[in-house]
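Asker: Could you work out the structure for the sequence below:
(one chain, ligands or ions: 1)
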Amino acid sequence: MTRLVSVAELSGNYEIRRFGAVSEGKDGYAEAEAWSRAVSFGFHESTRTPEHVAKSLATYEADRRVLTGVYQTGAVAPSSLPATVPVATFATFRKTLNIGFGRMLESQMVTSVTVRTSHRRRGLLRAMMSEDLRLAKDDGIAMAALTASEGTIYGRFGYGVASFERSVKVDTTARFNLRHLPAGSVEVADPKALLRLAPEVFERVHRLTPGSMGRQDWYRQLASGSLGRDGKEDPAIKVALHYGPGGDIDGYVSYKFLGWDTEPYTVEVVDLVAAGHDAYLELWQFLGAIDLVERVSWDEAPVDDPLAWALDDPRCIDSSDSRDMLWLRILDARKALEARHYPADGRLVFGIADPLGLTAGKYALDVDGGQAAVERLPDTAQADLALDVSALSSIYLGGVCPVTLAAAGRITENTPGATLKARQMFAVERATHCLTHF
Ligand SMILES: CC(=O)SCCNC(=O)CCNC(=O)[C@H](O)C(C)(C)COP(=O)(O)OP(=O)(O)OC[C@H]1O[C@@H](n2cnc3c(N)ncnc32)[C@H](O)[C@@H]1OP(=O)(O)O
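Answerer: As a prediction, this is how the structure comes out:
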């Protein structure tokens, strides 16, 4: 097993260990397995079967995940879980984030954060997070990302909400009529075809969509029905592919019928990935045409959704719980700001506060012809906008409006008009949306 970082001592009898995820049969599997069981416990899952754990760890290995555990170093309480089971868990892997106009930024994706109830509120999360973000920055990474279980946990570490999603229930009875003349076609396929096709199609979507994050290996297994959330094959999964006018596959939907006991009769979208506007609308036309079905539900729908504008009756969409999705955390303001393309030229000086001290300071962003140059200024410089790194991370992808954050007191506008200018400069070419949960 590779120890990626030496042990860090915590107050109390704990140590942090990091190691790479490995699949069954390899050195270090027992440690990875114990770590995986601790994660399941932290998220209140039923105890996973050995097969489920093995399949999960194989996908983690494919993602090159780094697993972090906090372990008790002293004697553990009699008859309690042994010291080999971590009391806290944390995992990371690296994928690209689409930061608009097709640009990609390698990012540190944080997941599997748990702390055992009997060890909570002793600073274990803070210790893991602070150390991990510092190590990622030292390794040249300018951005960290996560999806949050609760809205109150991660702002204190400098994360800000950068994208949203919503659940929709679409009425597909006779009311459902899409004003769209098909340019391509849709055909049903063997779900297993997605084991090969899903990553290829997703890659195209990823390159087109600001806010998209590279996907973990598990997604192709989920979409193809090979590995459901319960660790088993899902024989209910059905798949339809979209073909562009030239015959190339540029979209797919993976879905399942919820059974005759669910009324209205419902199809649930498991994954819908479309690398173009025609593909998106035509996959919806297909879903709307499934006989005997009156409703299609999807939990990962965009908030700014072309479907609503293409339907004769936009009220076919019943949307509930619009919610935060991707949380970003800029680790290095200069690198992150220089990585973006900007649709409007101008100069803005940011005064950035950073609770972890990773990228605090005054930074001047100068954009000319869409290209950015960023300069670190002395602390005495006058900032046009004063803000916490979490607010800067929120506006970075163009999916959150700086004017609104100023109205909320999250950004202080020292130069009149600077928030509107920021809104124009940080705009992206199409709605920000992230189809990757992690
Ligand atoms: C990216 C993801 O994986 S999201 C999933 C997060 N995990 C879960 O929700 C599983 C259930 N919860 C847990 O396992 C734990 O309660 C955790 C991981 C959320 C927190 O772990 P702890 O070790 O207790 O946190 P720690 O003691 O380091 O607290 C750090 C700070 O966060 C605060 N905090 C911790 N959890 C919460 C919470 N749920 N809500 C609000 N504040 C919180 C603490 O008060 C503390 O604040 P301060 O340092 O500013 O005074």
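
Asker: For Tyr14, give its distance to the ligand.
Answerer: As judged by C-beta to the nearest ligand atom, to the nearest Å, Tyr14 and the ligand stand 11 Å apart. Backbone N, C-alpha and C define where each C-beta goes, glycine included.

Asker: Show me what the spatially closest residue to that residue that is not a sequence neighbour is bridged to.
Answerer: Among residues not flanking Tyr14 along the chain, Val70 sits closest, at 5.2 Å (C-beta to C-beta, 6 or more residues apart in numbering). Val70 has these beta-bridge partners by DSSP bridges: Ile16, Ala88.

Asker: any idea of the pLDDT on Val70?
Answerer: Listed pLDDT for Val70 reads 97.

Asker: Can you get me a residue count around it?
Answerer: Burial of Val70 is recorded as 26 neighbouring residues (other C-beta atoms under 10 Å).

Asker: let's have the chain start at 29 instead
Answerer: Fine by me, first position is 29 from now on; the one you just mentioned is Val98.

Asker: give the contact list for it.
Answerer: 38, 42-45, 114-117, 143, 147, 152, 155-156 (C-beta atoms under 8 Å, 6 or more residues apart in numbering).

Asker: Put the buried members of these into a PyMOL selection.
Answerer: To isolate the buried ones among the contacts of Val98 in PyMOL, judged by 16 or more other C-beta atoms under 10 Å, type:
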select buried, resi 38+42+44+45+114+115+116+117+143+147+152+155+156
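
Asker: Nearest to Phe466 among the contacts of Val98?
Answerer: Nearest to Phe466 among the contacts of Val98 is Thr117, at 14.4 Å by C-beta to C-beta.

Asker: didn't the closest one look like it was pressed against Arg144?
Answerer: No - applying C-beta atoms under 8 Å as the test, Thr117 and Arg144 come out as separate, 9.1 Å apart.

Asker: Touching both of those two, which residues are there?
Answerer: Shared contacts of Thr117 and Arg144, defined by C-beta under 8 Å, 6+ apart, are found at 66, 70.

Asker: Show me where the stretch 229-378 of the chain dips below the pLDDT cut-off.
Answerer: Along the stretch 229-378 of the chain, segments meeting pLDDT under 70 are nowhere present.

Asker: Could you pull out the helices in it for me?
Answerer: 246-251, 305-316, 334-338, 361-367 (DSSP state H, counting those that start in this stretch).

Asker: partner residues bridging Phe375?
Answerer: No Phe there; residue 375 is Arg. Asp394.

Asker: show me the contacts for it.
Answerer: Counting by C-beta under 8 Å, 6+ apart, the residues that Arg375 touches are 392-395.

Asker: If any of the residues you listed are buried, give me the ChimeraX selection for them.
Answerer: The ChimeraX command for the buried members of the contacts of Arg375 (criterion: 16+ other C-beta under 10 Å) is given here:
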select :392,393,395
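
Asker: all strands for the stretch 79-228 of the chain, in order.
Answerer: 94-100, 116-126, 132-143, 171-174, 188-189, 192-199, 213-217 (DSSP state E, counting those that start in this stretch).

Asker: do the stretch 279-428 of the chain as well
Answerer: For the stretch 279-428 of the chain, applying DSSP E, counting those that start in this stretch gives strands covering 294-302, 323-329, 345-352, 355-358, 374-381, 389-396, 399-405, 413-416.

Asker: Show me the one of those that comes nearest the ligand.
Answerer: For the strands of the stretch 279-428 of the chain, proximity to the ligand was assessed by C-beta to the nearest ligand atom; strand 355-358 is nearest, at 8.1 Å.

Asker: how far does that closest one sit from the chain's center?
Answerer: Centre-to-centre, strand 355-358 and its host chain are 11 Å apart (C-alpha atoms, centre = their mean, to the nearest Å).

Asker: Sheet-wise, list the partners of that strand with their directions.
Answerer: Applying DSSP bridges, strand 355-358 is found paired with strand 171-174 (antiparallel), strand 188-189 (antiparallel).

Asker: Any chance of the ones you listed in TSV with mean neighbour count as columns?
Answerer: Compiled in TSV, the strands paired with strand 355-358 are given as follows (neighbours: other C-beta atoms under 10 Å):
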stretch	mean neighbour count
strand 171-174	24
strand 188-189	22
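
Asker: Of these, which is nearest the ligand?
Answerer: Nearest to the ligand, of all these, is strand 171-174, at 3.9 Å by C-beta to the nearest ligand atom.

Asker: if I look at the closest residue to Ser252 other than its chain neighbours, how far off is Thr464?
Answerer: Of all residues not flanking Ser252 in the chain, Leu222 sits nearest, at 3.9 Å (C-beta to C-beta, 6+ apart). In this view, Leu222 and Thr464 are 16 Å apart by C-beta to C-beta, to the nearest Å.

Asker: Looking at these two, which one has more neighbours?
Answerer: Per other C-beta under 10 Å, whichever of Leu222 and Thr464 has more neighbours is Leu222, with 28 against 21.

Asker: And the residue of the stretch 179-328 of the chain found nearest the ligand, its phi and psi?
Answerer: Of all residues in the stretch 179-328 of the chain, Thr180 sits closest to the ligand, at 3.8 Å by C-beta to the nearest ligand atom. When read as degrees, to the nearest 10, the backbone of Thr180 gives phi -100, psi 0.

Asker: Kindly state the pLDDT recorded for it?
Answerer: pLDDT at Thr180 comes out at 97.

Asker: So which bits of the stretch 29-178 of the chain are right by the ligand?
Answerer: Applying C-beta under 6 Å from any ligand atom, one finds that the stretch 29-178 of the chain approaches the ligand through 70, 138-143, 148-154, 174, 176-178.

Asker: There's contact between Leu315 and Tyr283 in this structure, I believe.
Answerer: Yes - counting by C-beta under 8 Å, Leu315 does reach Tyr283; the two are 7.0 Å apart.

Asker: who's more crowded, those two?
Answerer: Ranked by neighbour count (other C-beta under 10 Å), Leu315 and Tyr283 place Tyr283 first, with 27 against 21.

Asker: How about the contacts made by that one?
Answerer: By C-beta under 8 Å, 6+ apart, the contact set of Tyr283 is 265-268, 295-298, 315, 324.

Asker: Using TSV, lay out these together with distance to the ligand.
Answerer: Below are those laid out as TSV (distance: C-beta to the nearest ligand atom, whole Å):
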residue	distance to the ligand
Ile265	26
Lys266	31
Val267	29
Ala268	32
Val295	29
Glu296	24
Val297	24
Val298	22
Leu315	31
Val324	29
